[in-house]
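# I need the structure of the sequence given here:
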Amino acid sequence: MDGQNFSCSELVDTAIRQPTVGSVVKTAADEDPIGLLTVLSLGRHRDLQCVKEVAAYLADHCPTTSARQKLAEAWDASGTGFLVSERLINCPPQLAPPLQQALFDEIAWATEDEPTEELRASFRFRRFVALSRAYCDPAAVLRPPGKRAKKDKEPVVVYARPEDEFFHRHCAWSFTFAVTSRPVRKDELQPLRLVMLLLPEQVAAARVELDATVGNAAA
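The predicted structure is shown next:
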């Protein structure tokens, strides 16, 4: 996480131990993964060190007290899922719609097909917290919401993954913060982290727009 210590192996192991929900993307059976998409139940996994580290990292980077409060309420609430999504930057955008369809189909199936009621209940998500990579013009001033002068325009965000543009458009709330672990060189975009809260109906609306824009070979 931007140069900070992070229990990445624990997160990966947790995703692997959840075989019914989530996808690993490879170019061939014997190749290294190029992408991962899954969701972790925070109610079930909140005591994991990696989850605690993500929670602390996000709380430390909230731009306002209000944003920190909203994040804490969502993170601690029953029925929250943490969307884990990572792909190589040059993956084709056409991967996004079928991956999203597979994930949310698997979530729906898990609420009925998991072997215990505890497991089935853990996938009945009421909201999702997503952490994504994005970029903007380094000259843009990212003031906290409500602090921007009326004449200022919102900075143009460049999304690392196509689905994030639609999730951002439909989300209940969001905030961004700059990645400062390395200096931005001339002619480079400023790396950001984008945090969003999405309700299930907002995810559905975003996916409709994603499919219409990019196309969905799995539909």
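# just grab the bridge partners of P33 for me.
On the basis of DSSP bridges, P33 is bridged to K26.
# can you list the weak-confidence ranges in the protein?
For the chain, the stretches flagged by pLDDT under 70 are 1-3, 29, 140-154.
# recalculate using a threshold of 50.
For the chain, the stretches with pLDDT under 50 are 141-151.
# count of residues packed around N5?
7 (other C-beta atoms under 10 Å). Where you see a C-beta, it was placed from the backbone N, CA and C, and this is true even at glycine.
# again but with E117, I slipped
Counted with other C-beta under 10 Å, residues neighbouring E117 total 8.
# now swap in A212 and tell me
11.
# from F125, how far off is it?
24 Å (C-beta to C-beta, to the nearest Å).
# same check, this time on V179
When V179 is compared with F125 (using C-beta to C-beta), they lie 28 Å apart.
# between those two, which one's more packed in?
The neighbour count for V179 versus F125, taken as other C-beta under 10 Å, is higher for F125 (22 against 17).
# hmm, Q18 is touching L37, no?
No. With contacts counted by C-beta atoms under 8 Å, Q18 stays clear of L37, the gap being 11.9 Å.
# those two - which one has more neighbours?
L37 (23 against 20).
# how about that one, what does it touch?
Shown in contact with L37 (C-beta atoms under 8 Å, 6 or more residues apart in numbering): 22-23, 25, 83-87, 99-100, 102-103.
# again, only using 10 Å
L37 makes contact with 15, 21-25, 83-87, 95-96, 99-100, 102-103, 161, 163 under the criterion C-beta atoms under 10 Å, 6 or more residues apart in numbering.
# buried ones among these?
Neighbour-count burial (16 or more other C-beta atoms under 10 Å) applied to these gives 15, 21-23, 25, 83-87, 95-96, 99-100, 103, 161, 163.
# among those residues, which ones are in helices?
Secondary structure from DSSP state H places 15, 96, 99-100, 103, 163 of the buried ones among the contacts of L37 in helices.
# of those, just say which sits nearest to L131.
In terms of C-beta to C-beta, no member of those lies closer to L131 than E163, at 13.3 Å.
# understood, closing this out.
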